[in-house]
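Visitor: Sequence unavailable; structure follows:
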């Protein structure tokens, strides 16, 4: 039993190093464009919603001139990640509650497609990895670390998308600014939500393990619709 637990933890640790949203693609190579580096910082949560983006600070941080910084900010504004305000400069855009709910509703459809494909593509090794992530999520929930469990949730969703390899769905999901929603709205903190969330994720993985594409898609849609419902009841935060 101890060997099995150690193996599960080792698998999960390797997965986190490889795919956790807070680390994938956030280490910028020297040749990356300034907007690539800023985008990575926003997605990773190093730059938070409403945080001011001061040109002078960014030129020093990115090692480029002000012109390059302004171009980067303009491009990120076009992507919806940054807001440029007259006479006030730039800031990381905050996703409003209504938009966050719409993003989750769209994700329910797109991620449903992804897990439908995953049910057909998943190997035995993939299933072991998914179970390992669930095991870690369970451990974190039992320890009361809801924020870390939320991050593990993101690991699971990312892995499911990778297994499904539905390129169009994955590209559209990436464009929905789902990361900004996750950092700003932690629905797992809603009382009672964490246990429901774990059960829903388990149902998704069980369906994929059984090779049941229809059940996997339905389980994912149900899960994200419940997340959207939970989010709708957090209006006091707006």
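Guide: Received the coordinates, thanks. Quick caveat: nothing in here was measured; it's all calculated off a predicted structure.
Visitor: residue contacts, the residue nearest to residue 150 when sequence neighbours are not counted?
Guide: Distance criterion C-beta to C-beta, 6 or more residues apart in numbering; nearest residue to residue 150, sequence neighbours excluded, is residue 188 at 4.6 Å. To be clear about C-beta, it is placed using only N, CA and C from the backbone, and glycine gets the same treatment. Residues in contact with residue 188 (C-beta atoms under 8 Å, 6 or more residues apart in numbering) are 146, 147, 149, 150, 153, 194, 197.
Visitor: Please list the members of the residues you listed that lie in helices.
Guide: 146, 147, 149, 150, 153, 194, 197 (DSSP state H).
Visitor: Give me the neighbour count for the fourth one.
Guide: Here the neighbour count serves as a burial measure; for residue 150 (other C-beta atoms under 10 Å) it reads 19.
Visitor: sorry, back to before: let me have the ones in helices among the contacts of residue 188 in TSV, adding pLDDT and distance to residue 51 as columns.
Guide: Shown next, in TSV, are the ones in helices among the contacts of residue 188 (pLDDT from 0 to 100; distance: C-beta to C-beta, whole Å):
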residue	pLDDT	distance to residue 51
146	92	23
147	88	19
149	93	25
150	89	20
153	92	24
194	92	28
197	95	28
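Visitor: In the residues you listed, find the pair that's most separated.
Guide: 147 and 197 (13.1 Å; C-beta to C-beta).
Visitor: And the helices in the chain?
Guide: Ranges of helices in the chain, per DSSP H, are 2-19, 34-44, 55-62, 66-79, 97-121, 124-142, 146-164, 167-174, 178-184, 193-209, 213-232.
Visitor: now for the third one, which elements pack on it?
Guide: Based on contacts counted as 3 or more C-beta pairs under 8 Å, 6 or more residues apart in numbering; DSSP states H and E, the elements that helix 55-62 packs against are helix 34-44, helix 66-79.
Visitor: in that helix, what's buried?
Guide: 58, 59, 62 (16 or more other C-beta atoms under 10 Å).
Visitor: residue contacts, the second one?
Guide: Just to be clear, that refers to residue 59. The neighbours of residue 59, taking C-beta under 8 Å, 6+ apart as the test, are 65, 66, 69.
Visitor: Now for the residues you listed, which sits with the most neighbours around it?
Guide: Neighbour counts for these (other C-beta under 10 Å) peak at residue 69, which has 23 neighbours.
Visitor: In terms of pLDDT, where does the closest residue to that residue other than its chain neighbours sit?
Guide: Nearest-residue entry for residue 69: residue 58, 4.7 Å, with adjacent residues in sequence omitted and distances by C-beta to C-beta, 6+ apart. Looking at residue 58, its pLDDT reads 94.
Visitor: Looking at the helices of the chain, spot the one closest to residue 91.
Guide: So among the helices of the chain, helix 66-79 is nearest, using C-beta to C-beta, at 9.9 Å.
Visitor: re earlier: and the helices and strands packed on helix 55-62, which is most packed in?
Guide: Greatest average neighbour count among the helices and strands packed on helix 55-62 goes to helix 34-44 (a mean of 21), per mean count of other C-beta atoms under 10 Å.
Visitor: I'd like to know how far residue 139 sits from residue 148.
Guide: Residue 139 sits 9 Å away from residue 148, going by C-beta to C-beta, to the nearest Å.
Visitor: Mind splitting the chain into its structural domains?
Guide: 34-48+50-92, 96-237 (automatic domain parsing).
Visitor: Pick the most deeply packed of those.
Guide: Highest mean neighbour count among the domains of the chain (mean count of other C-beta under 10 Å): domain 96-237, with a mean of 18.
Visitor: now it: how far from the chain's centre is it?
Guide: Centroid displacement of domain 96-237 relative to its chain, using C-alpha atoms, centre = their mean, to the nearest Å, is 9 Å.
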